[in-house]
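Enquirer: Make a model of this:
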Amino acid sequence: MKRNIALYGGSFDPPHLGHVEVVKVALIKLNIDALIIVPTFRNPFKNNGIASTELRLLWLKKIFKTFKKVSISDYEILKRRAVPSFETVLHFEKNTNHLYFIIGADNISSLAQWNNFEILNKKVVWVIATRDNITLSSEKLSFLENYKIVEVNKDISSTSLRQKSNTTQLTSSISKEITKFYKMENNVIMQTQNLTNRINKISDVLDTNKGENIEVFDLKETNYFTDAVVIVTALGKRHTEALLDHLKNNLKPEEQFLGVDISDEWIVVDMGDILIHIMTSEYRNKYDMETFLSDLAKERA
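Expert: Now for the predicted structure:
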């Protein structure tokens, strides 16, 4: 059966309230069966962003986990290269009736220069999310075959957030944007056990199984999107997976593993109010999350 779907691409570095508002409006205004969010691949050896691929995927899954019809696709990320929108559309257009493509109004000025734009222009219905101070006249949009304008009341740019930040670290501005949505509108599964006791048990499991340099960050009174973060160094890639197995074997069924993201030399375990990062020493040194989390913990209200 053919479906109506909408694609929403971007770096989402970081995802924030503007992106959430775009999705909300699109779900209301468009007659669609599914909305697919497609984060772009970013070269990990170029310092032109804030968050790693793993964290961007984790954030998006966490933010949109309760949204019906919304899914997160790693299609472009798995390509390990920059993927033209034309190629993404070809991938998702199978068995579609109408294919909507969501963009910000700031893309209009350069849209005609996109790869294979003339073909792309005939394949999709452009969904243009408004931006402050950008006028969208019919004359300005006359080069588009088919389009819809959706009014969005929040800024949808991640650039301003990145400009406030050190490009080698995560920053509190990212966490605040995510927290505003996540804590207000998503149900976090909280365990009845005391948080400190649970963290102690997690640390004991990691320590017993040769996890190194275990650090715990209490973030309950901060704007971070989880209450505590545990970071541990693994002896190598196989050891990261072994530590994950030990956590599952020793913590279930009391603990609920809401999400596990596994990539080269880094595993992120989402327990709702506790986040565990299992990393090799190389990755841990590269991303230096401790500096960010330490600074954040000091700012507790």
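Enquirer: Show me where this protein has its strands.
Expert: Assigned by DSSP state E, the chain shows strands spanning 3-10, 34-39, 70-72, 96-104, 125-129, 147-150, 212-218, 228-234, 259-263, 266-270, 274-280.
Enquirer: so which of these comes closest to residue 138?
Expert: Proximity to residue 138 (C-beta to C-beta) singles out strand 147-150 among the strands of the chain, at 9.9 Å. Every residue, glycine included, has its C-beta placed from N, CA and C.
Enquirer: helices and strands around the closest one, which ones?
Expert: Counting contacts by 3 or more C-beta pairs under 8 Å, 6 or more residues apart in numbering; DSSP states H and E, strand 147-150 is packed against helix 17-29, strand 125-129.
Enquirer: Now tabulate the strands of the chain in TSV and tack on distance to residue 292 and mean neighbour count.
Expert: What follows is the strands of the chain, written out as TSV (distance: least, C-beta to C-beta, whole Å; neighbours: other C-beta atoms under 10 Å):
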stretch	distance to residue 292	mean neighbour count
strand 3-10	23	20
strand 34-39	21	21
strand 70-72	24	18
strand 96-104	27	19
strand 125-129	30	21
strand 147-150	34	16
strand 212-218	9	16
strand 228-234	10	23
strand 259-263	19	15
strand 266-270	15	21
strand 274-280	12	22
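Enquirer: any idea which of those strands scores lowest on pLDDT?
Expert: Lowest mean pLDDT within the strands of the chain: strand 259-263, a mean of 84.
Enquirer: Can you show me the CA trace of it as CSV?
Expert: Output in CSV follows, covering the C-alpha atoms of strand 259-263 (Å, rounded to 0.1, in the frame of the first residue of the first chain):
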residue,chain,number,x,y,z
GLY,A,259,17.9,2.2,24.7
VAL,A,260,21.4,0.9,23.9
ASP,A,261,23.5,2.5,21.1
ILE,A,262,26.5,0.6,20.0
SER,A,263,29.2,2.0,17.7
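Enquirer: Centre of the chain to it, how far?
Expert: A distance of 13 Å separates the centroid of the chain from that of strand 259-263, by C-alpha atoms, centre = their mean, to the nearest Å.
Enquirer: picking that back up, any chance of the strands of the chain in a markdown table, plus distance to residue 59?
Expert: Formatted as a markdown table, the strands of the chain follow (distance: least, C-beta to C-beta, whole Å):
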| stretch | distance to residue 59 |
| --- | --- |
| strand 3-10 | 13 |
| strand 34-39 | 9 |
| strand 70-72 | 10 |
| strand 96-104 | 18 |
| strand 125-129 | 19 |
| strand 147-150 | 23 |
| strand 212-218 | 17 |
| strand 228-234 | 14 |
| strand 259-263 | 11 |
| strand 266-270 | 10 |
| strand 274-280 | 11 |
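Enquirer: Which one of those strands lies nearest to residue 297?
Expert: Set against residue 297 and scored by C-beta to C-beta, these come closest in strand 212-218, at 5.4 Å.
Enquirer: Pairing partners for the closest one, with directions?
Expert: strand 228-234 (antiparallel) (DSSP bridges).
Enquirer: any idea how far the nearest residue to residue 127 once chain neighbours are set aside is from residue 222?
Expert: Leaving out its chain neighbours, the residue that sits closest to residue 127 by C-beta to C-beta, 6 or more residues apart in numbering is residue 102, at 4.5 Å. The spacing between residue 102 and residue 222, counted by C-beta to C-beta, to the nearest Å, is 32 Å.
Enquirer: do the same with residue 287
Expert: For residue 287 relative to residue 222 (C-beta to C-beta), the value is 19 Å.
Enquirer: Equivalent analysis for residue 107, please.
Expert: 34 Å.
Enquirer: Give me the pLDDT for residue 173.
Expert: In this prediction residue 173 is given a pLDDT of 44.
Enquirer: Please disregard the earlier target; I meant residue 169.
Expert: 40.
Enquirer: same question, residue 19
Expert: 88.
Enquirer: burial count for it?
Expert: For residue 19, the count of nearby residues is 27 (other C-beta atoms under 10 Å).
Enquirer: cool, residue 222 as well?
Expert: 21.
Enquirer: is the residue nearest to residue 127 in a bridge, and if so with what?
Expert: So, taking DSSP bridges as the rule, residue 102 has residue 8, residue 127 as bridge partners.
Enquirer: hang on, isn't it packed against residue 21?
Expert: No: between residue 102 and residue 21 there is no contact under C-beta atoms under 8 Å: 11.8 Å.
Enquirer: measure the residue lying closest to residue 82 once chain neighbours are set aside to residue 11 for me?
Expert: Excluding its sequence neighbours, the residue lying closest to residue 82 (C-beta to C-beta, 6+ apart) is residue 41, at 6.5 Å. Residue 41 sits 9 Å away from residue 11, going by C-beta to C-beta.
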